[in-house]
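Participant: got a predicted structure plus its sequence, pasted below:
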Amino acid sequence: MALPRLSNLEMRIMEALWTGGELSTREIHETFPAKNRPAYTTVQTMVHRLEAKKALRRVKKIATAFIFEAAIPRDAARRRLIDDFLAVFGGETQPIMTHLIEAGKLTLEDVQDAERHLREISKKGRKP
């Protein structure tokens with residue numbers, strides 16, 4: 001099954017589920033900071049859309065509230081998002097790396113970790 005494309009708000013809802021496990025729509029809504037919290041009905045609509053995309057699923061019903069869980073893994077959803085983002089740059093990573101460095105979001109330790117990872121992949125004979 002192909003992973004669905006997820007919007008920013010949908011990813012935030014999925015993060016709540018990946019972090020909190022099984023949650024109701026109300027509990028998902030309450031994970032958002034009060035200052036920038038979307039309306040409850042917006043979260044409810046997005047949960048229904050995520051269910052239609054098969055990104056989450058109903059696991060049970062308590063009284064009138066459905067309880068949901070993530071149906072796709074966090075890493076897979078993140079990879080899809082990153083691949084979609086890279087496509088905007090024609091697959092080129094250099095502009096993104098340059099921006100991360102200039103913005104102070106990529107440290108020398110991050111680069112060393114990436115280098116170690118690349119070496120491990122090369123040793124296993126896989127293409128990085």
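Facilitator: Here it is on my side, so go on. Note that the structure is a prediction, hence the values are computed from the model and not measured.

Participant: strands along the protein, start to end?
Facilitator: Assignment of strands within the chain using DSSP state E yields the ranges 23-24, 56-62, 65-70.

Participant: single out the most deeply packed of the ones you listed.
Facilitator: strand 23-24 (a mean of 20; mean count of other C-beta atoms under 10 Å). Every C-beta, even on glycine, is put in place using the N, C-alpha and C of the backbone.

Participant: can you list the residues that contact that strand?
Facilitator: Strand 23-24 is contacted from outside by Ala16, Leu17, Thr31, Ile62, Ala65, Phe66, Ile67, Phe68, Glu69, using C-beta atoms under 8 Å, 6 or more residues apart in numbering.

Participant: turn the residues you listed into TSV, including distance to Glu120.
Facilitator: Shown next, in TSV, are these (distance: C-beta to C-beta, whole Å):
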residue	distance to Glu120
Ala16	32
Leu17	31
Thr31	35
Ile62	45
Ala65	45
Phe66	42
Ile67	39
Phe68	36
Glu69	32
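
Participant: next, count neighbours for the residue lying closest to Leu86 once chain neighbours are set aside.
Facilitator: Nearest residue to Leu86 in three dimensions, chain neighbours excluded: Thr93, at 6.8 Å (C-beta to C-beta, 6 or more residues apart in numbering). A total of 10 residues lie near Thr93 under the criterion other C-beta atoms under 10 Å.

Participant: ok, Leu9 touching Val47?
Facilitator: No - assessed by C-beta atoms under 8 Å, Leu9 is found out of contact with Val47, at 10.5 Å.
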